[in-house]
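Novice: Give me coordinates for this.
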Amino acid sequence: GATGLLFGTVQGVYQVLPWSLDWLHKTGNAGHMIDPMAHAHMNLVGGVSVAIMGLLYYFLPKLLGRPVFSFRLAKFSFWCIVVGVFGFYLAAVSLGFVEGSRMLDGMTYDAAKASVGFWHPLLLATTASVMGLGFWSFIANVLLTVRGRTIRTIRTIRTIRTIRTMDDGRQTIGSSKRPSSIVHRPSSESSESSPPDRKLVAFIVFSVIAILLGTIQGVIQILDPVEEWLEDASPAGYLVTPLAHAQLNMVGFAIMALMTMSIFVLPRILGRTVVDPVAGRRALAVIGVGIACSYAVFLGVGLLESIYIHNHIATDPDAAVHARQAVVGTWGRYALFIGAQAIVGIGYVLLFRHISSVIGRETIRAYWRTFRGRMGTAGHEALRVHPRALPPAYPEAQRKALLSGLVEAVGLMGIGWMYSGRPFIGIMLLGGWIAGFLTFMYVVLAVAGGASALPFLLVLYYVFTIMSGIACYRSYLRDARLHLAA
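Specialist: Sure, this is the predicted structure:
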């Protein structure tokens with residue numbers, strides 16, 4: 001999981017550089033194979049999903065009070081996922097780069113795709129199938145474990161027999177150390193301190209069924225005829241993938257599994273009395289209903305609109321616009337989308353209330369009191385001028401304070417603070433404030449649709465820099481007076 005996130009985040013940083021972003025934009029569908037297809041699968045499957053699978057293999061025996069069905073099947077699913085996701089990633093990046101380069105040489109996307117021949121569908125379908133096999137074997141292992149079955153191979157039995165020790169002339173395994181390759185049954189001591197919670201297992205089953213449907217859909221939609229059909233039905237095809245597809249894989253599987261394990265673990269790591277988490281299960285049930293409704297809405301509306309577009313595109317150039325009115329109408333569309341997501345949102349609110357009740361209001365209040373106190377102390381320390389930056393005479397301190405404030409006020413926010421001996425605040429302003437304001441400026445200009453809002457943004461920027469300059473000037477003089485008085 002960590003390796004997958006490493007690959008994904010490194011790619012994410014590189015592809016937002018200007019030359020990379022420009023290349024991806026110019027290559028269109030070929031660039032889309034690199035981002036979002038390869039990038040998203042490495043982050044979400046190679047990073048997040050693999051980590052969650054490992055967590056489920058660890059926590060499922062604790063939820064049920066018995067070992068997983070098969071450790072060999074667990075290893076098989078792991079290696080299929082690893083080989084499949086890295087193979088899919090390399091295939092998508094390589095095909096995207098080759099086809100994108102040929103598009104820049106003058107080819108259309110269809111011609112560039114045809115130029116690589118059968119390798120395009122073969123590489124993607126093969127690696128996606130291996131990845132799907134890993135998920136499906138994992139799902140089978142989880143469902144068989146929930147059904148209450150376990151398996152011991154002959155090799156495992158022989159391994160256990162070899163580690164038995166002699167006690168009073170009889171073979172026992174009470175003091176034997178189990179081999180590391182066996183997913184062990186929780187001990188009686190751990191079971192007493194962490195009793196199983198089988199009622200939460202239903203939501204683990206929900207999450208693995210979601211990933212089952214999501215991976216089946218993923219393998220189907222990567223096939224050339226399906227991919228082209230959805231592409232030609234754009235933007236309605238976007239509802240099918242990635243929206244419906246991601247709803248199952250990331251919300252239905254990843255988030256549902258993580259929330260279920262969190263409800264199980266939270267009272268145990270806090271040392272609270274373990275009780276039946278009725279409110280937590282109610283929240284998970286509402287979220288599950290919302291996920292199912294969202295998937296049905298995205299998939300259903302997307303397919304119906306796509307069918308309409310394909311049936312009318314030959315005679316109606318605006319078929320994509322008219323499809324919205326013909327299927328459920330503009331307002332009906334909004335009502336379905338917002339209503340389904342609102343159910344998920346209500347479930348999140350209920351979940352937060354349950355987590356808050358488990359932690360306890362007094363604990364939360366105490367945490368925030370401590371947090372505010374520590375942040376206040378840290379703020380005072382960050383504002384304090386370093387002794388080496390304080391001059392021996394007050395006139396020199398005035399000149400340095402004035403220069404620091406002017407540097408801030410002219411727009412170089414953060415430089416004045418660093419020059420006056422407050423490097424932490426200087427770095428935070430220079431990095432965080434500048435980046436944050438530039439992002440805010442970009443969003444405002446994009447929404448405004450032009451440079452009409454630019455004067456307002458410049459005025460706002462300099463208001464903050466002047467305020468920072470005044471604060472820098474006054475705080476430096478204050479510390480200089482205290483230093484010289486001492």
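Novice: Now do the contacts for the closest residue to residue 49 other than its chain neighbours.
Specialist: For residue 49, ignoring the flanking residues on the chain, the nearest one in space by C-beta to C-beta, 6 or more residues apart in numbering is residue 254 at 6.5 Å. No exception for glycine: its C-beta is placed from N, CA and C like everyone else's. Residue 254 makes contacts with 44, 48-49, 52, 207, as judged by C-beta atoms under 8 Å, 6 or more residues apart in numbering.
Novice: and what of residue 93?
Specialist: Residue 93 neighbours (C-beta under 8 Å, 6+ apart): 33-34, 38.
Novice: hang on, the earlier thing: relative to residue 222, which of the contacts of residue 254 is nearest.
Specialist: residue 44 (15.4 Å; C-beta to C-beta).
Novice: Which parts of the stretch 151-300 of the chain are strands?
Specialist: All strands of the stretch 151-300 of the chain, identified by DSSP state E, counting those that start in this stretch, fall at 165-167, 170-172.
Novice: Show me what stretch 393-413 is in contact with.
Specialist: 389-391, 414-417, 419-420, 429-430, 433-434, 461-462, 464-466, 468-470, 472-474, 476-477, 480-481, 484.
Novice: Could you pull out the buried residues of it?
Specialist: Neighbour-count burial for stretch 393-413 flags 397, 400-401, 404-405, 407-409, 412-413 (criterion: 16 or more other C-beta atoms under 10 Å).
Novice: Now, those that are in helices?
Specialist: 397, 400-401, 404-405, 407-409 (DSSP state H).
Novice: Quickly check those residues for the two that are furthest apart.
Specialist: 397 and 409 (18.3 Å).
Novice: OK, contacts around the closest residue to residue 86 other than its chain neighbours?
Specialist: Take residue 86 and drop its neighbours on the chain: the residue closest to it by C-beta to C-beta, 6+ apart is residue 46, 6.8 Å away. Listed by C-beta under 8 Å, 6+ apart, the contact set of residue 46 reads 1, 3-5, 7-8, 82, 85-86, 89.
Novice: Of these, which is the nearest to residue 244?
Specialist: The closest of these, once distances to residue 244 are taken by C-beta to C-beta, is residue 85, at 20.6 Å.
Novice: Before we move on, what's the pLDDT of the residue nearest to residue 49?
Specialist: pLDDT recorded at residue 254 is 88.
Novice: Okay, it and residue 408: tell me how far apart.
Specialist: 44 Å (C-beta to C-beta, to the nearest Å).
Novice: circling back: now the contacts of residue 254 in a markdown table, with neighbour count?
Specialist: Converted to a markdown table, the contacts of residue 254 look like this (neighbours: other C-beta atoms under 10 Å):
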| residue | neighbour count |
| --- | --- |
| 44 | 21 |
| 48 | 20 |
| 49 | 28 |
| 52 | 20 |
| 207 | 28 |
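Novice: With respect to residue 146, which of the residues you listed is nearest?
Specialist: residue 207 (11.6 Å).
Novice: The closest one against residue 260, yeah?
Specialist: Yes: between residue 207 and residue 260 there is a contact under C-beta atoms under 8 Å: 7.1 Å.
Novice: Quick check: neighbours shared by the two?
Specialist: By C-beta under 8 Å, 6+ apart, no residue touches both residue 207 and residue 260.
Novice: nearest residue to residue 232 other than its sequence neighbours?
Specialist: Going by C-beta to C-beta, 6+ apart, residue 232 has residue 310 as its nearest residue, at 6.9 Å.
Novice: Show me what the helix or strand containing the one you found is packed against.
Specialist: Assessed by DSSP states H and E, residue 310 sits inside helix 278-312. Where contact means 3 or more C-beta pairs under 8 Å, 6 or more residues apart in numbering; DSSP states H and E, helix 278-312 is packed against helix 201-221, helix 224-232, helix 236-238, helix 256-270, helix 319-327, helix 330-359.
Novice: of all those, which lies closest to residue 117?
Specialist: Minimum separation from residue 117 across the helices and strands packed on helix 278-312 (C-beta to C-beta) falls at helix 224-232, 12.1 Å.
Novice: List of residues touching that closest one?
Specialist: With C-beta under 8 Å, 6+ apart, helix 224-232 has contacts from 29, 120-121, 220-221, 237, 240-241, 306, 309-310, 313.
Novice: How far away from the center of its chain is the helix or strand where residue 30 lies?
Specialist: Per DSSP H and E: residue 30 is located in helix 29-32. Remark: helix 29-32 is offset 22 Å from the chain centroid, using C-alpha atoms, centre = their mean, to the nearest Å.
Novice: What is the subsequent helix or strand relative to that helix?
Specialist: helix 39-41.
Novice: okay, how far is it across stretch 271-282, tip to tip?
Specialist: 23 Å (C-alpha to C-alpha, to the nearest Å).
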